[in-house]
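Q: coords below, sequence missing:
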């Protein structure tokens, strides 16, 4: 895999990886940027969220789960001192649908965490990652109602 960034002035860059899809990067105005793009550490968190989300939704679809909405949030804490690395993270999977089976979701999360998601495998060796999930049913009015929530064991060796 190869990624390249090109300077656009000040602290702004535009990058692309093997896919060729352009990504804007910039720093916050408080440190000299203009806020016109994602911060590099945001992209790491987004990569983690996207990697595990693709695994989990793919597995849920194969298990014929009737998912109507799916959201994955990564909440990562950072060190106070430079280089301000991630010190831990919590991934929350929010699944909405009809008759979502908790065991199907847990298995999908487990497979992503232990077998399929390289971002989670790599980052989990550096800092602890806790996994949480919420299952919602959607009523006829489109309102979501929490039916189940829990956590999957910590996946990191850190």
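A: Received the coordinates, thanks. Since the structure is predicted, the reported quantities are computational estimates derived from the model, not experimental observations. Numbering: from 1, shown residues only.
Q: would residue 108 count as being in a helix?
A: Yes - secondary structure of residue 108 (DSSP: H, G, I helix; E, B strand; the rest coil): part of a helix.
Q: got a list of what the residue most central in space within the chain touches?
A: In the chain, the centroid-proximal residue (Cα atoms, centre = their mean) is residue 49; its distance is 1.2 Å. Residues in contact with residue 49, defined by Cβ atoms under 8 Å, 6 or more residues apart in numbering, are 72-74, 91. C-beta here means a position set from N, CA and C on the backbone, and glycine is covered the same way.
Q: now do 6 Å
A: Contact analysis of residue 49 by Cβ atoms under 6 Å, 6 or more residues apart in numbering lists 72, 74.
Q: if I've got this straight, it is in a strand?
A: No - applying three-state DSSP, one finds residue 49 to be helix, outside a strand.
Q: Number the residues from 36 up from this point.
A: Shifting the count to begin at 36 puts that one at residue 84.
Q: if I look at it, how far off is residue 108?
A: 7 Å (Cβ to Cβ, to the nearest Å).
Q: tell me which strands and helices the host helix or strand of residue 140 is in contact with?
A: If you go by DSSP states H and E, residue 140 is part of helix 137-146. When contacts are defined as 3 or more Cβ pairs under 6 Å, 6 or more residues apart in numbering; DSSP states H and E, helix 137-146 sits against helix 75-97.
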